[in-house]
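Engineer: okay, predicted coordinates and the sequence, questions at the end:
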Amino acid sequence: INRCQRQMAEIAVNAIMNVADMERRDVNFELIKVQGKVGGRLEDTLLV
């Protein structure tokens, strides 16, 4: 994951910003799901 550190950080921030309630300044982390796929590369990771 070290070689993709920046990409993973951007995906994490974008995921949080997509579910954040800015008025309440709150994030429901249960709305974020991480799925692994066998045979893929870290470079292929994307936010859906």
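Structural biologist: Yep, it's here.

Engineer: okay, buried residues for the helix or strand where Ala15 lies please.
Structural biologist: Element membership for Ala15 (DSSP states H and E) is helix 5-19. Residues Ala15 are the ones in helix 5-19 that count as buried (16 or more other Cβ atoms under 10 Å). C-beta: built from backbone N, CA, C; applies to glycine.

Engineer: give me the next element, helix or strand, following it.
Structural biologist: Past helix 5-19, further along toward the C-terminus, the next helix or strand under DSSP H and E is strand 20-21.

Engineer: okay, now the sheet partners of that next one, with direction.
Structural biologist: Sheet pairing for strand 20-21, assigned by DSSP bridges, gives strand 26-27 (antiparallel).

Engineer: since we're on Leu47, how many residues are nearby?
Structural biologist: Other residues lying near Leu47 total 11 when counted by other Cβ atoms under 10 Å.

Engineer: let's verify it: helix, strand, or coil?
Structural biologist: Look at Leu47: counting by DSSP: H, G, I helix; E, B strand; the rest coil, its state is coil.

Engineer: give me the pLDDT for it.
Structural biologist: With respect to pLDDT, Leu47 scores 93.
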